[in-house]
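Peer 1: structure, please.
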Amino acid sequence: MSTYAIGDLQGCLGAFERLLEQINFKAGADRLLLAGDLVARGPDSLGTLRKVYGLRDHLRCVLGNHDLHLLAVAHGAAPLKKKDRDLQAILDAPDGDELLGWLRQQPLMIDIPEFDAVMTHAGIPPLWTLDQARSRAREVEAVLHSDQCKDLFNNMYGNEPAGWSDALHGADRLRVITNHFTRMRFINEAGELELQTKGEAAAPPPGYFPWFDHPKRVHYSTRILFGHWAALAGDVAIDGIEALDSGCVWDGFLTAFRLEDQQRFQCDCRKHK
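Peer 2: Numbers count the residues shown, from 1 in each chain. Next up is the predicted model:
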């Protein structure tokens, strides 16, 4: 049995299927961990979501910002963007409600205790302990998985407040938690997010750091698996930090990281659009 953590699929069904062939994935014997953003900018978000749903008994996944946007659109809390027009096929599909219902039940953070690892879409906020991260993820998940989910979606969008405070409550508190788990890249010393810049880690906005390079980052032995940041090309030179998004949808690669031996496998996504 092998366990493979895979980066952002972004609707790239062909690349996903080719990668599964490449690693000789066997449902029932092997397991997948998906880093979120199952849908969005690729050519077949509906097919990708159906494929993942079909493998649901053999995988775990976390929600990414694009997955949450799809759910918000489906609940009437946000308009469909032109660049995400491929998502309309999911909304119109006869099995769309079933797919979206399953997607909404997925978490923001998962523990993989047998490998002393955790996974989120964008990483673990550097000033939070793992216990704090787990607790705050559960706060959002409790609302997301409830009948009050539309309230979450209605108030989810926005970049403020930029930083965490224990005094936060209501919609602001849930928005800050969601932004940290699904949109985080750069963060300043005070722990405030900068959510506009999407470039390389070596070129942060003035006064900001990549979250994993924060000078006051809480350190622990647990391995962190994350996606979201395509500009990293899956490369972070810090032990225990595993970047999985290698830009498949941008003609890069789709990456699988085998936890048993830390070996990486990659599919060239230009060939499978």
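Peer 1: now do the contacts for Gly64.
Peer 2: If a contact means C-beta atoms under 8 Å, 6 or more residues apart in numbering, then Gly64 has Asp8, Ala35, Gly36, Asp37, Leu38, His121, Ala122, Thr182, Gly227, His228 as its contacts. Glycine gets a C-beta too; all of them are placed from N, C-alpha and C.
Peer 1: ok, which pair from those is furthest apart?
Peer 2: Leu38 and Ala122 (14.8 Å; C-beta to C-beta).
Peer 1: settle it for me: which of those two has more neighbours?
Peer 2: Taking other C-beta atoms under 10 Å, Leu38 and Ala122 do not tie; Leu38 has more neighbours (29 against 26).
Peer 1: for that one, which three-state class applies?
Peer 2: coil (DSSP: H, G, I helix; E, B strand; the rest coil).
Peer 1: so what's it closest to, chain neighbours aside?
Peer 2: Leaving aside its chain neighbours, Leu38 sits nearest to Leu9 (5.1 Å; criterion: C-beta to C-beta, 6 or more residues apart in numbering).
Peer 1: how about the strands in the stretch 101-250 of the chain?
Peer 2: Here the stretch 101-250 of the chain has its strands, by DSSP state E, counting those that start in this stretch, at 109-112, 117-120, 186-188, 193-194, 208-210, 223-226, 241-243, 245-246.
Peer 1: quick one: mean pLDDT for the fifth one?
Peer 2: Rounded to a whole number, the mean pLDDT of strand 208-210 is 97.
Peer 1: Phe181: how many residues sit nearby?
Peer 2: 29.
Peer 1: Leu68 too?
Peer 2: 27.
Peer 1: which element is it on?
Peer 2: helix 65-74 (DSSP states H and E).
Peer 1: now tell me what touches that helix from outside.
Peer 2: So helix 65-74 is contacted by 10, 36-41, 45, 78-81, 84, 87, 90-91, 96, 100, 103-104, 106, 121-122, 149, 153, 156-157, 178, 182-183, 228 (C-beta under 8 Å, 6+ apart).
Peer 1: list the buried residues for the longest helix along the chain?
Peer 2: When the chain is scanned for its longest helix (criterion: DSSP state H), the result is helix 130-144. Using 16 or more other C-beta atoms under 10 Å as the test for burial, helix 130-144 gives Ala133, Arg134, Arg136, Ala137, Val140, Glu141, Val143, Leu144.
Peer 1: can you check stretch 48-61 too?
Peer 2: For stretch 48-61, by 16+ other C-beta under 10 Å, it's Thr48, Leu49, Arg50, Lys51, Val52, Leu55, Leu59, Arg60, Cys61.
Peer 1: these in strands, which ones?
Peer 2: If you go by DSSP state E, the buried residues of stretch 48-61 have Leu59, Arg60, Cys61 in strands.
Peer 1: what's the closest non-adjacent residue to the first one?
Peer 2: Read that as Leu59. Leu32 is the one closest to Leu59 (C-beta to C-beta, 6+ apart), at 3.8 Å.
Peer 1: tell me how many other residues crowd Asp245.
Peer 2: If we define neighbours as other C-beta under 10 Å, then Asp245 has 31 of them.
Peer 1: check Pro161 too.
Peer 2: Neighbour number of Pro161 under other C-beta under 10 Å is 15.
Peer 1: what of Ile224?
Peer 2: Neighbour tally, Ile224, other C-beta under 10 Å: 21.
Peer 1: thought it was touching Asp239?
Peer 2: No - if you go by C-beta atoms under 8 Å, Ile224 and Asp239 don't touch, sitting 10.6 Å apart.
Peer 1: what about the helices in the chain?
Peer 2: Using DSSP H, helices in the chain cover 13-22, 45-54, 65-74, 88-92, 96-104, 130-144, 149-154, 170-182.
Peer 1: report the buried residues of the shortest one.
Peer 2: Spelled out, that is helix 88-92. Result for helix 88-92 [16+ other C-beta under 10 Å]: buried residues Ala89, Ile90.
Peer 1: for that helix, packing partners?
Peer 2: helix 45-54, helix 65-74, helix 96-104 (3 or more C-beta pairs under 8 Å, 6 or more residues apart in numbering; DSSP states H and E).
Peer 1: turn these into a markdown table, columns for mean pLDDT and distance to Asn24.
Peer 2: Listed next are the helices and strands packed on helix 88-92 as a markdown table, based on pLDDT from 0 to 100; distance: least, C-beta to C-beta, whole Å:
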| stretch | mean pLDDT | distance to Asn24 |
| --- | --- | --- |
| helix 45-54 | 98 | 17 |
| helix 65-74 | 98 | 27 |
| helix 96-104 | 98 | 26 |
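Peer 1: that's all I had, so thanks and see you.
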